[in-house]
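[1] need a structure here:
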Amino acid sequence: MTIKRLLSQFFLNRNRPEWFVKDTCGRVCAYITWMLIFWGQFVVFYVIIPPWFHSDKVFKNQLYLDSQNNPDDRLRNLNYEEHLSSKNAEILSSSIYAFLNGCVFFMLGLFAFTAHVKAMFSDPGTTQLNNADPESIAAMNLPSGTSVYKCTKCSAIKPTRAHHCSTCRRCVKKMDHHCPWINNCVGENNQKYFVLFTFYICGISLHALVMVLHRFMVCSNTGWKNQMCTVRSPGFTIMSLVSLTFEACLFFLFTAIMFCTQVYAICVDETGIEQLKGDLIQSKNGGATQKSKMLNFKSVFGDKFSFRWLIPFVDPVWAKSDMSLYCV
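    Below you'll find the predicted structure:
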């Protein structure tokens with residue numbers, strides 16, 4: 001309970017989550033996701049980044065030794081900056097390069113973790129339970145002749161494009177699928193966070209792969225006991241890099257596929273369930289109006305296009321719309 005309250009206070013600005021699915025499998029998958037994100041941060045900042053900060057000192061010592069061993073060599077007349085710029089490995093192994101990589105990797109991890117928490121603890125767009133009684137239907141003031149459908153599993157009025165989730169035990173508006181990795185459904189209200197989660201995990205995985213590849217290329221020439229490769233033990237360094245490579249490859253492939261699938265679903269205005277069942281195809285053949293791609297993205301990320309679409313800390317804002325008809 002304490003962890004949920006802390007996460008809700010920091011990421012959601014609430015004292016407690018507005019929504020949490022009590023599913024054991026989903027909890028385990030969500031906690032594994034958090035641990036893998038933190039493991040990636042640990043390997044990068046504990047194993048990969050520190051040798052870069054020692055590189056300037058190593059190169060300076062090497063310059064001094066070269067000038068002492070070769071007093072007539074031209075290196076003696078070169079200044080430190082010219083010596084660094086003479087080697088590609090030195091350019092890519094400076095403290096500035098380490099600082100920039102650290103900042104980018106940390107921000108990607110923070111955005112990915114934030115998007116995951118908000119997708120997990122946000123109501124995906126569930127309907128009200130047990131509201132299909134005559135009094136509730138009459139209070140909605142629907143036009144006469146409107147078809148109202150009731151979900152037999154949760155006794156709720158079933159809106160257009162809503163589907164019942166057996167794990168959440170609720171009907172979810174514009175439900176795409178139930179994702180155990182966020183322990184929640186992906187629906188109308190939290191699809192932005194799920195898309196951003198897959199986007200930033202894909203980005204951080206690719207960044208980790210680039211840094212690991214660079215480290216292996218450098219250390220294959222200099223040896224793993226060199227300070228340019230690691231300030232930890234060679235065995236621990238190799239084990240950490242191999243585990244991070246395996247993790248980054250799996251996450252990159254999985255999230256890249258999910259991100260592309262979500263973007264395609266938004267563009268064509270189809271959820272995953274509708275694509276499987278062919279519901280929307282039937283409705284389009286029946287004369288439904290197809291919205292533009294920009295309107296489809298605005299329905300997920302918010303009415304006004306801005307950089308806020310890419311920030312998981314900002315909730316999407318939609319203009320007030322007319323009451324939709326509750327027919328399927």
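[2] could you look up the SS state of the closest residue to residue 247 other than its chain neighbours?
    Nearest non-adjacent residue to residue 247, counting by CB to CB, 6 or more residues apart in numbering: residue 36, 5.8 Å away. Just so you know, the C-beta spots here come from the backbone N, C-alpha and C atoms, and that holds for glycine as well. The three-state assignment at residue 36 reads helix, by DSSP: H, G, I helix; E, B strand; the rest coil.
[3] what segments of the stretch 101-250 of the chain are strands?
    162-165, 170-173, 177-179, 184-186 (DSSP state E, counting those that start in this stretch).
[4] nearest to residue 21, of those strands?
    strand 184-186 (5.5 Å; CB to CB).
[5] against which helices or strands is that closest one packed?
    Contacting strand 184-186 under the criterion 3 or more CB pairs under 8 Å, 6 or more residues apart in numbering; DSSP states H and E are the following elements: helix 95-121, strand 177-179.
[6] 7 Å instead, please
    If contacts are counted by 3 or more CB pairs under 7 Å, 6 or more residues apart in numbering; DSSP states H and E, strand 184-186 sits against strand 177-179.
[7] hmm, back to that, turn the strands of the stretch 101-250 of the chain into a markdown table, including distance to residue 118 and mean neighbour count.
    Output for the strands of the stretch 101-250 of the chain, formatted as a markdown table (distance: least, CB to CB, whole Å; neighbours: other CB atoms under 10 Å):
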| stretch | distance to residue 118 | mean neighbour count |
| --- | --- | --- |
| strand 162-165 | 19 | 22 |
| strand 170-173 | 16 | 25 |
| strand 177-179 | 14 | 21 |
| strand 184-186 | 10 | 28 |
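[8] closest one to residue 129 among those?
    Here strand 170-173 is closest among these (CB to CB), at 7.1 Å.
[9] quick one: contacts of that closest one?
    Under the criterion CB atoms under 7 Å, 6 or more residues apart in numbering, residues 124-127, 151, 154, 156, 158-159, 161-165, 185, 187-188 lie in contact with strand 170-173.
[10] kindly report the same for stretch 229-247.
    36, 40, 43, 47, 50-51, 54, 208-209, 212, 215, 218-219, 222, 224-225.
[11] show the model's pLDDT score for the residue nearest to residue 247.
    Each residue has a pLDDT score; the one for residue 36 is 95.
[12] so who does residue 185 touch?
    Residue 185 neighbours (CB under 7 Å, 6+ apart): 124, 165, 168, 172, 175, 178.
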